[in-house]
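# after the sequence you'll find the predicted model.
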Amino acid sequence: MNIFAKLYYRLAKAAKAVQLYLVIAGPGIVVMVADNDAGGITTYAATGAKYGYNLIWFLLLLIPVAYYVQEMTVRLGVITKRGHAEAIFSGFGAFWGWFSLVDLMIVDWLTLVTEFVGMTSALEIFGIPGWLTVVSVVLLLGMIVLNGRYWTWEKIALLFCALNLVYIPGAFMVHPSVHDIVRQGLIPNFPGGFDGQLFFFLMANIGTTIAPWMLFFQQSAVVDKGLLEKDIPWGKFDTWLGSVLTIVVAVFIVVVTGTVLKGVDIDSAAQASAQLQETHKWVGTFMAIGLFDAGLLGAICISLASSWAFGEIFGWAHSLNTNIKEAPWFYASYFLTLVTAGGVVLIPGAPLVLITLFVQVIAVTLLPAALVFLILLLNDREHMGDYANTRLQNIIGGTIVILIIILSTLYGISVLFPKLFG
Amino acid sequence: MLRTFGRLAQTFRAINERYKTPRIGMSGAVRASLMTLRVYLLALVLLMLYKFVTLLG
């Protein structure tokens, strides 16, 4: 009887913990899964097609990298009750604040254009015209935010996150060799030697794992959700789970293209989907659905990241818990960003490839700054108190930040000067 | 139109005033980090300008 009582107590405790987590869950998972946006899917698909399973080990290394960076935004948001843009303004003054805000606005808008490119090209595979995709997406995203509740928005976003898992059944359907995945993918190796092209792919994978908008989005989401100090451990767990999920999805995409399209040069995930459909109809269809979902999730988060940041600085009401009458400027900036970015995709002959390259270069100007500010703010013991970075956290976080800065800078330079790395 | 621009300028001035003084203590490490960031960003901007000029050329 005593054993049953103990077992019941433990089960009840575990059930309560899960219930509590489900209340807190959201910002970490949403930001991490949204990180697998249209550009990310293309990068993973191209990595698998180029190097097969050989770079899976590298993707797995990115789990702690993504976690340690994003976890800091949870603590900063909970303790300061400020989004990242406001924290920079307040912490470092107006000069660095304006620099970050304007840079964020440009990077987010350009990235949003690439999300619309991904969504329209994914649905064109099913014969849906671009204009219909853009109009439907803007209306859908409008309906999601206009319900006046953060909770509802978050749960809908989590549903789209679940759809991102569509790559997992796709990978099983192409019957990859588990032996090859383990042998080639889990043992660190540089396929064909460490040359310029491999370096470019490694940098692209890092670049797509940590994007500047993620820092701004998660910190603002944590504030809007109203997480408290006692929620920080769950917020960290949420971020950890999100980091694992995002890389798991990336690995399954690599498995799909590494199995079916190895040796094929992939320029876009839509091209990979169309090519997959020729031999594996359903896998190609899943890939296209996943690409659309990735673009949609990216669009949901990126447009919000900008609107939150503007609201914080200009002093507008900027919560998803407000309706359009209470926060007109917040929603106006949200729709303006969406409509203009979607509109660009519909302009015949718009320089979309140039925009895609430009995003990577401009992101390099914002990411290092945002990361440096993050580390400095987390060391502000006066305001962060017990939640300031410990020495170990500074060593881990600092090392990761320095590596990301070096690699993302080299990535940006390699985009500017493609022949530089051979 | 002029009134709108005037109001906008006033908003910017108010924001600049509100965040005039950095909240973070400007220790040596913070100053060094911000200076490195300035140099880094300047170098990047120069690289982009160089690329732009060579593209035009």
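Structure received.

# make it CA atoms for all contacts and neighbour counts henceforth
Noted.

# where do the helices of the stretch 301-422 of chain A begin and end?
A:328-346, A:352-378, A:381-384, A:391-416 (DSSP state H, counting those that start in this stretch).

# and the shortest one, what's buried?
Judged by neighbour count using 16 or more other Cα atoms under 10 Å in any protein chain shown, the buried positions of helix A:381-384 are A:His383, A:Met384.

# repeat that for the second one.
Taking 16+ other Cα under 10 Å as the neighbour-count basis, helix A:352-378 is seen to contain the buried residues A:352, A:356, A:358-378.

# likewise stretch A:107-124?
For stretch A:107-124, using 16+ other Cα under 10 Å, the buried residues are A:107-123.

# ok, and which of the buried residues of helix A:352-378 reach chain B?
Restricting those to those within reach of chain B (Cα under 8 Å from any Cα of the partner chain) leaves A:Thr365, A:Pro368, A:Ala369, A:Val372, A:Leu376, A:Leu377.

# which ones are touching the last one?
Applying Cα atoms under 8 Å, 6 or more residues apart in numbering or on different chains to A:Leu377 gives the contacts A:Leu76, A:Ala87, A:Gly91, B:Ile24.

# so for stretch A:218-237, what's the average pLDDT?
For stretch A:218-237, mean pLDDT is 91.

# now the helices of the stretch 301-422 of chain A in a markdown table, with mean pLDDT?
Output for the helices of the stretch 301-422 of chain A, formatted as a markdown table (pLDDT from 0 to 100):
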| stretch | mean pLDDT |
| --- | --- |
| helix A:328-346 | 91 |
| helix A:352-378 | 81 |
| helix A:381-384 | 88 |
| helix A:391-416 | 85 |
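
# adding distance to A:Leu20, write those out as JSON lines.
Formatted as JSON lines, the helices of the stretch 301-422 of chain A follow (distance: least, Cα to Cα, whole Å):
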{"stretch": "helix A:328-346", "distance to A:Leu20": "30"}
{"stretch": "helix A:352-378", "distance to A:Leu20": "26"}
{"stretch": "helix A:381-384", "distance to A:Leu20": "25"}
{"stretch": "helix A:391-416", "distance to A:Leu20": "26"}
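
# tell me the angle of the biggest helix by length in chain B relative to helix A:391-416?
Once chain B is assigned using DSSP state H, the helix that runs over the most residues is helix B:28-56. Angle, helix B:28-56 to helix A:391-416, by axes from the mean of the first three to the mean of the last three Cα atoms, to 10 degrees: 10 degrees.

# could you see whether chain A lies near helix B:28-56?
Yes - counting by Cα under 8 Å from any Cα, chain A has neighbours in helix B:28-56: B:Val30, B:Ser33, B:Leu37, B:Leu41, B:Leu44, B:Met48, B:Lys51.

# check which helices and strands that helix sits against.
The elements that helix B:28-56 packs onto, with contact taken as 3 or more Cα pairs under 8 Å, 6 or more residues apart in numbering or on different chains; DSSP states H and E, are helix A:352-378.

# if you set the cut-off to 10 Å instead, what comes out?
helix A:352-378, helix A:391-416 (3 or more Cα pairs under 10 Å, 6 or more residues apart in numbering or on different chains; DSSP states H and E).

# pLDDT of that helix, averaged?
86.

# give the buried residues for stretch A:58-74.
A:58-60, A:62-74.

# for A:Leu7, state which of the residues of helix B:28-56 next to chain A is nearest.
B:Val30 (52.4 Å; Cα to Cα).

# which residues touch the closest residue in space to the closest one that isn't next to it in sequence?
Closest residue in space to B:Val30, ignoring its immediate chain neighbours: A:Leu376 at 7.0 Å, by Cα to Cα, 6 or more residues apart in numbering or on different chains. By Cα atoms under 10 Å, 6 or more residues apart in numbering or on different chains, the contact set of A:Leu376 is A:Ile88, A:Gly91, A:Phe92, A:Ala370, A:Ala388, A:Asn389, A:Asn394, B:Ile24, B:Ala29, B:Val30, B:Ser33, B:Leu34.

# stretch A:65-73: how far from the chain's middle?
Distance of stretch A:65-73 from the chain centroid (Cα atoms, centre = their mean, to the nearest Å) equals 12 Å.

# how about it as CSV, C-alpha atoms only?
Output in CSV follows, covering the C-alpha atoms of stretch A:65-73 (Å, rounded to 0.1, in the frame of the first residue of the first chain):
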residue,chain,number,x,y,z
VAL,A,65,24.7,26.8,-29.2
ALA,A,66,21.0,27.8,-29.8
TYR,A,67,20.0,27.0,-26.2
TYR,A,68,22.7,29.1,-24.4
VAL,A,69,22.1,32.2,-26.5
GLN,A,70,18.3,32.1,-26.3
GLU,A,71,18.2,31.1,-22.7
MET,A,72,19.8,34.5,-21.8
THR,A,73,16.8,36.3,-23.3
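
# that stretch - what's its average pLDDT?
The average of the pLDDT scores along stretch A:65-73 is 92.

# and that stretch with chain B, contact?
No - using Cα under 10 Å from any Cα of the partner chain, stretch A:65-73 stays clear of chain B, coming no nearer than 16.9 Å.

# for the most centrally placed residue in chain B, give me its contacts.
Residue closest to the average C-alpha location in chain B (Cα atoms, centre = their mean): B:Arg38, at 9.1 Å. For B:Arg38, the contacting residues are A:Trp96, A:Ala369, B:Ala32, B:Leu44, by Cα under 10 Å, 6+ apart.

# so what's the residue count around residue 56?
Unless you meant another one, I'm taking chain A. 28 (other Cα atoms under 10 Å in any protein chain shown).

# you looked at the wrong chain, it should be chain B
By other Cα under 10 Å, 7 other residues sit near B:Leu56.

# now swap in A:Phe172 and tell me
A:Phe172 has 14 nearby residues by other Cα under 10 Å.
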